[in-house]
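Enquirer: Have a look at this prediction, sequence included:
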Amino acid sequence: MPQLESLATRNADAKALLAGILLDRSIDVDRSFELFRNAAESGVPEGKRGLGFMLLNGLGVRKDPVRANRCFESALQDGDLHSAYNLAVNFHNAAGVERNDSEYLRLLRVAADGGIPEACALLGDELSDRDLDAEALTYYLQAAEEGHAPAMFVAACWCRDGVGTEIDRIQAIRWFLGMLDRGNADGIHPAHELAQHMTIGEVREAGRLAGREEEAELLIRDRV
């Protein structure tokens, strides 16, 4: 923090980073706003996005979703794909703009194709609702690879049940166990049930893929 404070006196990118840390730790909301504003005025995309976030949620300033969207649009023009996700959600929720489902889906796909995990998971939900399961699974898996726990759970269940793909129990347990990396143990029970119908080698391979070899051994030990 002291080094970042020093850098922030002369570097706009450092201002945006420091603002994000202060806001995340709820240390000084007002200063976060000023730092984001200064960074945004210097053209830093993360500064524009951070300023938009604070305006959208009324943090350190009165809520102003219209101005927030202008910040997100400017950041997106500079290549900040997180802002595409923020704009997509705002088009869906009619926050500072009229609801527009086509624009919502367009921006959501821009963010998802740019690798934003939250966008990938949400686009997976939208595609699933349209019975486009194979395409939906590709986005769930992309979000899972980036550590999105809810997407891991969906991917695991779909691999287990053969939704949008062939049944793949190894990948199913891989993602059930992978959820532990995010502090989420909701996949343990279904992994335990699934392991009952798999070979020891299959369970171990799933554990290897998840980086959870010890948990895989526990599943093997507990098999009936």
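Expert: Nice, I can see it.
Enquirer: and the nearest residue to A95 once chain neighbours are set aside, what pLDDT?
Expert: Spatial nearest neighbour of A95, chain neighbours left out: P65 (4.6 Å); criterion: CB to CB, 6 or more residues apart in numbering. In this view, the C-beta of every residue, glycine as well, is placed from N, C-alpha and C. Looking at P65, its pLDDT stands at 97.
Enquirer: which residues does P65 contact?
Expert: P65 makes contact with 55-56, 90, 95-97 under the criterion CB atoms under 8 Å, 6 or more residues apart in numbering.
Enquirer: helix/strand/coil for G147?
Expert: Under DSSP: H, G, I helix; E, B strand; the rest coil, G147 falls in the coil class.
Enquirer: In contact with it, which residues are there?
Expert: 117, 181-182.
Enquirer: Residues touching the helix or strand of the chain with the lowest mean pLDDT, excluding its own?
Expert: In the chain, the helix or strand scored least confidently by mean pLDDT, DSSP states H and E is helix 2-8, which has a mean of 84. For helix 2-8, contacts defined as CB under 8 Å, 6+ apart pick out 14-15, 17-18, 21, 35.
Enquirer: same deal with stretch 180-189?
Expert: Contacts for stretch 180-189 (CB under 8 Å, 6+ apart): 147-149, 152-153, 156, 175-179, 211-212, 215.
Enquirer: With stretch 198-217 instead?
Expert: Contacts of stretch 198-217 (CB under 8 Å, 6+ apart): 169-175, 177-178, 180-181, 188, 195, 219-220.
Enquirer: can you list the domain ranges for this structure.
Expert: For the chain, automatic domain parsing gives the domain ranges 1-114, 116-224.
Enquirer: mean confidence score for the shortest one?
Expert: The average pLDDT for domain 116-224 rounds to 96.
Enquirer: on that earlier part again, which one of the contacts of stretch 198-217 is nearest to D30?
Expert: D181 (35.2 Å; CB to CB).
Enquirer: count of neighbours near that closest one?
Expert: 13 (other CB atoms under 10 Å).
Enquirer: So R99 sits against N90, correct?
Expert: No. Counting by CB atoms under 8 Å, R99 sits too far from N90 to count as a contact (9.4 Å).
Enquirer: Which one of the two is surrounded by more residues?
Expert: N90 (24 against 12).
Enquirer: Tell me the spacing between that one and Q142.
Expert: 23 Å (CB to CB, to the nearest Å).
Enquirer: got it, and E103?
Expert: Separation of E103 from Q142 (CB to CB): 22 Å.
Enquirer: Tell me which of the two has more neighbours.
Expert: Shown here are E103 and Q142; by other CB under 10 Å, Q142 has more neighbours (22 against 16).
Enquirer: For the closest residue to that one other than its chain neighbours, the count of nearby residues, please.
Expert: Of all residues not flanking Q142 in the chain, C120 sits nearest, at 4.6 Å (CB to CB, 6+ apart). Residues near C120, counting by other CB under 10 Å, number 28.
Enquirer: Verify the stated contact: C120 with E135.
Expert: No. Using CB under 8 Å, C120 makes no contact with E135, being 11.4 Å away.
Enquirer: Make a markdown table from the contacts of G147 and add distance to G43 and secondary structure to it.
Expert: Formatted as a markdown table, these follow (distance: CB to CB, whole Å; DSSP: H, G, I helix; E, B strand; the rest coil):
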| residue | distance to G43 | secondary structure |
| --- | --- | --- |
| P117 | 26 | helix |
| D181 | 36 | helix |
| R182 | 34 | helix |
